[in-house]
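# model the following, please.
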Amino acid sequence: MNKLLWSAVAVIASTLSASAMALPDRVGDFALLDTDGAFHQLSRMRDQDAFVLMSFDNSCASIDSAVAQMKTLQSSYADQKVTFALINASAESGIDAIRAAKAQHGFDLPLLIDNGQIVSETLQFSKAGEVAVVDPERLTLLYRGPAQDQVAKTLDSELAGTADSTTIVAASGCDLSFPVKDMHASATPDYASDVAPIIAEQCATCHREGGIGPFAMDSHLMLQGWSPMIREVLLTKRMPPTQVDPYVGHFSNARYMDEKDLQTLVHWIDAGAPRGAAAVDPLTQLDFPDRKAWQLGEPDYIVKAPAMEIPATGVLDYINVDVDLPFDEDKWVKSVQFIAGDESVLHHLLTYVTAPAEDFDGGEADTRSVARRFLEGYAPGKVDAMTFPEDTGVYIPKGHKLSMQFHYTTNGKATVDETVLGMYMYDEPPTYENFTRSVSGQFRIPPYAQNHPAKAQYVFDEDVVVTGLRAHMHFRGKDMQFSAQLPDGTTAELLSVPNYSYAWQPTYQLEEPMALPKGTKVLVTGTFDNSEYNPANPDPSKELTFGLQSWDEMFIGYWTYHSATPTN
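Numbering: from 1, shown residues only. Predicted structure coming up:
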């Protein structure tokens, strides 16, 4: 019996070993924008059986014939769940040059922008015109090589459910160069002098003890332990939480990571995240500003919100609080700072100036386009004091109050939040009054709808100057765009949020305020993903309309502006 038992175990072990050996190579998740501003993430393509990518380099003389092969392949699988795209794998970057190259060749396949070449490196492309077949469900590589018959064989095998290994075929043609990868291969980025400064600038303000990040980046050991996750969130563009398409508009508070910093971090992680020879770990020496300190000095008036008891678990309704103000004269607010009592649970806070008898619910339940005196808001990562544009402020008429809407998310630990708000006043009334207008639309999202469009619009009846924009949806929000149709017929694109996240929704401050003449139609367009392929979706089977809770939906574009005509 023992002999038979051991024989059976040996057969099972052999089978498992052979099966493990046959598994395709894992590439992990990644995401890129294309030249049209659309967001492509591998794991969000799980409704597709395969994703076929071809490396593109405009300097290669044979690239046209390679693209022609790709288009022929695409036409052969037009009725199948296979997505085709090109990826700019050239060391030469620059959106204008990449877009010009696409226009020059006249192909209609999406062209993904791989600034820094990190995704191209991950797929191990070496030649222009080389093809990779990737399984979005398993995040694995099924094939890499030339666009020949083997691509079709791989796709047919994947469609039949029998693809169980990775096929590599040597490609010929124009070599791709990876100069930064080669440089870092010969001299790994140094933790103390190269890596730690990037973490300190880009990450550690949130990823610190007591911060909103889920773990602290306060030592090499922590960074090394979390390095696989750090690599993934960098490649999927989850961090830094930029959201904004960098090629549409320019914003003073948008978070971007320079491609050189991205290459440094990823190549250091790929090298094993070495500690280096420095005697002192720079991340252990970081000294953060006191989050409980007033950045602009003692405010002219401080509002102490009621203490909020937050349970360890559960979903909390929005909490609306009215705060009476003691002012016996009109006031104009110049700057605002929120100090969160417990920033690990305070998801966001909105504060408006409201009339004495006004019953205010946060303003989101009113789906009309409404201009309000929006004082300011707090959101994850938004911790600095905010000063309104020069000679612009929020007006608080005598007798008005503040209406504050709190949204908390539980984190497994019961706590108490006591948030305070500091207001800095003008000595004399400024020239312009600051307003925020909500532009929202009606919608009904069917169950399992993966790309459900939504739109809203408003026509300004006066000359205005726009200074900030904010996108607001809930868990099914996928993307949102802001544009303006001017009376002369021209259209200006102001903001694109191609990868919307409910967890990160600041007001993006325009570096250059934009003047919009009377009669300008402002448009807010976007898409909902109510499918099971949306990782944030709590219930794809639900039909959705407007609702205040997170599991309901909203579609609101907020426009912060002031009249072009002086108030005083």
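
# residues in contact with stretch 373-383?
For stretch 373-383, the external contacting residues (Cβ atoms under 8 Å, 6 or more residues apart in numbering) are 205-206, 212, 241, 255, 291, 333, 336, 338, 340, 343, 346-354, 386, 394-396, 402, 419, 423, 433-436, 503-507, 558, 560. For every residue, glycine as well, the C-beta is placed using N, CA and C.

# list buried residues within those residues.
Using 16 or more other Cβ atoms under 10 Å as the burial test, those include 205-206, 212, 241, 333, 336, 338, 340, 343, 346-354, 386, 394-396, 402, 419, 423, 433-436, 504-507, 558, 560 as buried.

# roughly how far apart are D290 and I339?
10 Å (Cβ to Cβ, to the nearest Å).

# and these two? Which one has more around it.
The neighbour comparison of D290 against I339 (other Cβ atoms under 10 Å) goes to I339, with 20 against 9.

# correct me if wrong: the more buried one contacts D417.
No: look at I339 against D417 with Cβ atoms under 8 Å: they stay out of range, at 10.9 Å.

# need the overlap of contacts for these two.
In contact with both I339 and D417: no residue, using Cβ under 8 Å, 6+ apart.

# so what's the residue most central in space within the chain up against?
By Cα atoms, centre = their mean, the chain has its centre lying nearest to Q243, at 3.0 Å. Counting by Cβ under 8 Å, 6+ apart, Q243 makes contact with 254, 497-501, 504.

# neighbour-wise, which one of those leads?
V497 (27 neighbours).

# downstream neighbour of the helix or strand bottoming out on mean pLDDT in the chain in the secondary structure list?
The helix or strand of the chain with the poorest confidence is helix 2-22; it has a mean of 43 (mean pLDDT, DSSP states H and E). Counting by DSSP states H and E, the element after helix 2-22 in chain order, helix or strand, is strand 25-26.

# counting by contacts, list what that next one packs against.
Secondary-structure packing of strand 25-26 (3 or more Cβ pairs under 8 Å, 6 or more residues apart in numbering; DSSP states H and E): strand 140-145.

# buried stuff in stretch 543-560?
544, 546, 550, 553-560.

# er, stretch 115-133 actually
For stretch 115-133, by 16+ other Cβ under 10 Å, it's 115-123, 125-133.

# for K455, which non-adjacent residue is spatially closest?
Counting by Cβ to Cβ, 6 or more residues apart in numbering, K455 lies nearest to T525, which is 4.7 Å off, once chain neighbours are set aside.

# from V383, how far off is that neighbour?
T525 is 31 Å from V383, by Cβ to Cβ.

# same check, this time on E376
12 Å.

# ok, the two, which is more surrounded?
More crowded of E376 and V383, by other Cβ under 10 Å: E376, with 24 against 19.

# wasn't H348 part of a strand?
Yes: counting by DSSP: H, G, I helix; E, B strand; the rest coil, H348 falls inside a strand.

# apart from its neighbours in sequence, what residue is nearest it?
A379 (4.6 Å).

# show the end-to-end separation of stretch 118-130, please.
16 Å (Cα to Cα, to the nearest Å).

# in the stretch 1-150 of the chain, which spans are helices?
2-22, 63-76, 95-105, 118-122, 149-160 (DSSP state H, counting those that start in this stretch).

# okay, now the unreliable bits of the chain?
Counting by pLDDT under 70, the ranges of the chain that qualify are 1-22, 361-368, 380-382, 568.

# break it into its domains for me.
21-177, 181-285, 289-430, 441-568 (automatic domain parsing).

# so how far is the first one off the chain centroid?
Taking Cα atoms, centre = their mean, to the nearest Å, one finds the center of domain 21-177 at 23 Å from the center of the full chain.

# same question, stretch 234-245
5 Å.

# so which bits of that stretch are buried?
234-245.

# list of residues touching stretch 561-568?
389, 392, 395, 429-437, 462-467, 515-516.

# hmm, 6 Å instead?
Residues from elsewhere that reach stretch 561-568 (Cβ atoms under 6 Å, 6 or more residues apart in numbering): 392, 429, 431-435, 462-466.

# could you do stretch 101-110 as well?
For stretch 101-110, using Cβ under 6 Å, 6+ apart, the contacting residues are 34-35, 58, 67, 84-86, 111.

# rerun at 7 Å
Contact partners of stretch 101-110, identified using Cβ atoms under 7 Å, 6 or more residues apart in numbering, comprise 34-35, 38, 40, 58, 64, 67, 70-71, 84-86, 111.

# just give the closest residue to S177, not the sequence neighbours.
A91 (5.1 Å).

# what's the neighbour count on the one you found?
15.

# tell me who's in contact with it.
Counting by Cβ under 7 Å, 6+ apart, A91 has contacts 117, 177-179.

# now swap in A449 and tell me
A449 neighbours (Cβ under 7 Å, 6+ apart): 528, 530-531.

# thought D324 was touching H400?
No: using Cβ atoms under 7 Å, D324 is not in contact with H400, being 9.4 Å away.

# of these two, who's got more company?
Neighbour count, other Cβ under 10 Å: between D324 and H400, H400 has more, with 20 against 10.

# doesn't Y352 make contact with that one?
No: using Cβ under 7 Å, H400 is not in contact with Y352, being 9.8 Å away.

# before we move on, back to that, separation between the residue nearest to S177 and D258?
16 Å.

# so where do the helices sit in the protein?
2-22, 63-76, 95-105, 118-122, 149-160, 179-186, 196-202, 220-225, 227-235, 259-270 (DSSP state H).

# I'd like to know which of those lies nearest to Y301.
Nearest to Y301 among those is helix 196-202; the distance by Cβ to Cβ comes to 33.5 Å.

# could you say what helices and strands the closest one packs with?
helix 259-270 (3 or more Cβ pairs under 7 Å, 6 or more residues apart in numbering; DSSP states H and E).
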